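J.: Fold the following and give me the result.
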Amino acid sequence: MVKNNDPRVVYADIFDLPHWRSPKHTPMSAYERAAQFSSFNALEGYEDMVGEEARIVGEQEKLTETEMEILNQKINLIADVLEDGHHPILTFTYFLNDRMKQGGSYVTMTERVRKIDAVNRKIVLYKTVGTSQRYMELDMDKIKDISGDLINHIFESA
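T.: Below you'll find the model as predicted:
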């Protein structure tokens, strides 16, 4: 027996039969059939990941001895005013760590000072954070500058 590779000969018995159709399901439209084979996003999230890697974060600047001395004087002044029962509204420039990668950025915030925690080196503000409504704390080592009416008045006079 001779083997024939011509599909017209091999499938001659079924070649002219009508196309089978399901009795239960209606045929799909050309649009629905094309949607089955349309491209999909195999790299979902890739664009976000590349964008995150490309995002630039800064590093915390090291303060000079003079800048640290001035900042300590400002903190001491705030502590004195707090002891007298006053809670000044001040503007803080501080380094905020990035939640996604190493580094962060400097932000500025104006808020009323609640107290100074000298032991843990934190300035506690009246602003609350999170669902626990904790008072916001600024780490003194991350503060770059403090300004406000109280500070500006004293340091401009000097």
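
J.: And the helices in this structure, which stretches?
T.: In the chain, helices defined by DSSP state H lie at 7-10, 30-36, 46-54, 65-83, 149-157, listed in chain order.

J.: So what touches the fourth one?
T.: Yep, that's helix 65-83 we're talking about. For helix 65-83, the surrounding residues in contact (Cβ atoms under 8 Å, 6 or more residues apart in numbering) are 63, 88, 90, 113, 115-116, 118, 123, 140, 143, 145-146, 150-151, 154-155. To be clear about C-beta, it is placed using only N, CA and C from the backbone, and glycine gets the same treatment.

J.: again with the third one
T.: Residues lying outside helix 46-54 but in contact with it, judged by Cβ under 8 Å, 6+ apart, are Met100, Lys101.

J.: So for that helix, what gets flagged as buried?
T.: When neighbours are counted by 16 or more other Cβ atoms under 10 Å, no buried residue of helix 46-54 is found.

J.: where in this structure is pLDDT low?
T.: Applying pLDDT under 70 to the chain flags the ranges 1-2, 40-41, 156-158.
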